[in-house]
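Colleague: Please work out how this folds:
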Amino acid sequence: MDEAMTDPASVDDLTLMQRAAAGDMHAFDALMQRHNQRLYRAARGILRNEADAEEAVQEAWLKAYRHLHDFQGKAAPLTWLTRITINEALMCQRRNKSRDGIIQPVESDAQMDHLIEMQGDFMNRLNPAQPDQLAFRTELRRLIEARIDELPDRYRTVFMLRGVEGLSFAEVAATLDLPQATVRVRYMRARRLLHKALQQDIDLSAGNAFSFAGERCDRIVAGVHARLRASGVPGA
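Modeller: This is a model prediction of the structure:
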């Protein structure tokens with residue numbers, strides 16, 4: 001393995017995909033470790049279940065590996081990978097016979113922005129070194145995740161990619177193959193629905209929601225390797 005591969009951050013996605021397609025499993029591992037969080041959050045936004053989301057991501061990586069040679073570069077590698085993951089999550093959702101939610105009347109954007117500002121200041125004042133405040137922050141995060149799970153599917157997926165993962169509207173639009181205007185509308189409606197549901201002091205920035213621990217990432221990588229070995233891929 002050359003020096004570039006010892007530091008995955010110095011290798012771009014396309015190079016990693018090309019090396020993986022040539023049989024370099026270290027490159028494929030680097031690709032998985034780099035993007036597991038986003039793919040998991042995308043799947044989690046659709047499935048609302050951690051185990052199902054992990055399963056969907058593993059299946060998505062397996063399909064991606066088998067079709068690395070088919071990648072034509074018409075979209076960014078991460079966009080291509082996210083689309084595969086979303087399609088896998090949607091298939092899982094259909095199998096689970098998930099149902100769409102119902103949109104309810106919502107408050108104004110100004111009220112939502114004011115709530116975010118207040119709650120961001122409130123959460124910043126919490127001292128994570130104090131056990132009681134750390135527990136409170138953890139509980140708030142759980143409540144945020146629960147409320148996000150309650151969003152209708154079409155809004156939840158957009159919110160997970162934009163509000164939690166931090167993609168731009170253009171990136172979300174490309175990933176979901178939607179017009180940017182549609183993405184913006186769905187994101188704002190998701191925010192309003194959350195505002196209606198959360199009538200108490202919690203941080204809606206959601207940057208730490210659906211935290212992606214190293215253990216989960218390692219579990220997904222190990223699961224993909226097991227599936228590749230079972231399908232006869234050498235070196236997996």
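Colleague: any idea how far residue 23 is from residue 10?
Modeller: Taking CB to CB, to the nearest Å as the measure, residue 10 falls 21 Å from residue 23. Where C-beta positions appear, they are placed from N, C-alpha and C, glycine not excepted.
Colleague: element containing the most centrally placed residue in the chain, please.
Modeller: With distances taken as CA atoms, centre = their mean, residue 41 lies nearest the centre of the chain, 2.0 Å away. For residue 41, the host element (DSSP states H and E) is helix 25-47.
Colleague: Mean confidence (pLDDT) on that helix, please.
Modeller: Average pLDDT, helix 25-47: 90.
Colleague: just stretch 198-215 next, same as before
Modeller: 56.
Colleague: same question, stretch 71-81
Modeller: In this model, stretch 71-81 has a mean pLDDT of 88.
Colleague: how about that stretch: buried residues?
Modeller: For stretch 71-81, burial by neighbour count (16 or more other CB atoms under 10 Å) applies to 71, 77-81.
Colleague: In CSV: the residues you listed, plus secondary structure and distance to residue 218.
Modeller: Shown next, in CSV, are the buried residues of stretch 71-81 (DSSP: H, G, I helix; E, B strand; the rest coil; distance: CB to CB, whole Å):
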residue, secondary structure, distance to residue 218
71, coil, 25
77, helix, 22
78, helix, 20
79, helix, 25
80, helix, 24
81, helix, 18
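Colleague: Reformat the residues you listed into a markdown table and put distance to residue 56 next to each item.
Modeller: As requested, the buried residues of stretch 71-81 are exported to a markdown table (distance: CB to CB, whole Å):
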| residue | distance to residue 56 |
| --- | --- |
| 71 | 20 |
| 77 | 19 |
| 78 | 16 |
| 79 | 17 |
| 80 | 16 |
| 81 | 12 |
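Colleague: Going by distance to residue 60, which of those residues wins?
Modeller: Of all the buried residues of stretch 71-81, residue 60 sits closest to residue 81, with 7.1 Å by CB to CB.
Colleague: Spell out which residues make up each domain of this protein.
Modeller: With automatic domain parsing as the criterion, the domains of the chain are listed as 3-99+213-230, 109-197.
Colleague: mind checking which of the ones you listed is nearest residue 236?
Modeller: Going by CB to CB, the one of those nearest residue 236 is domain 3-99+213-230, 3.6 Å.
Colleague: sorry, back to before: could you tell me the least trusted of the domains of the chain?
Modeller: Across these, the lowest-scoring stretch is domain 109-197, with a mean of 73.
Colleague: circling back: distance check, the residue nearest to the centre of the chain against residue 178.
Modeller: From residue 41 to residue 178 the distance is 18 Å (CB to CB).
Colleague: For the closest residue to residue 160 other than its chain neighbours, list the residues it contacts.
Modeller: Distance criterion CB to CB, 6 or more residues apart in numbering; nearest residue to residue 160, sequence neighbours excluded, is residue 45 at 3.0 Å. Residue 45 sits next to 148, 156-157, 159-161, 164 when contact means CB atoms under 8 Å, 6 or more residues apart in numbering.
Colleague: Tell me which two in those are the farthest apart.
Modeller: Greatest spatial distance among the contacts of residue 45 (CB to CB): 148 and 161, at 11.9 Å.
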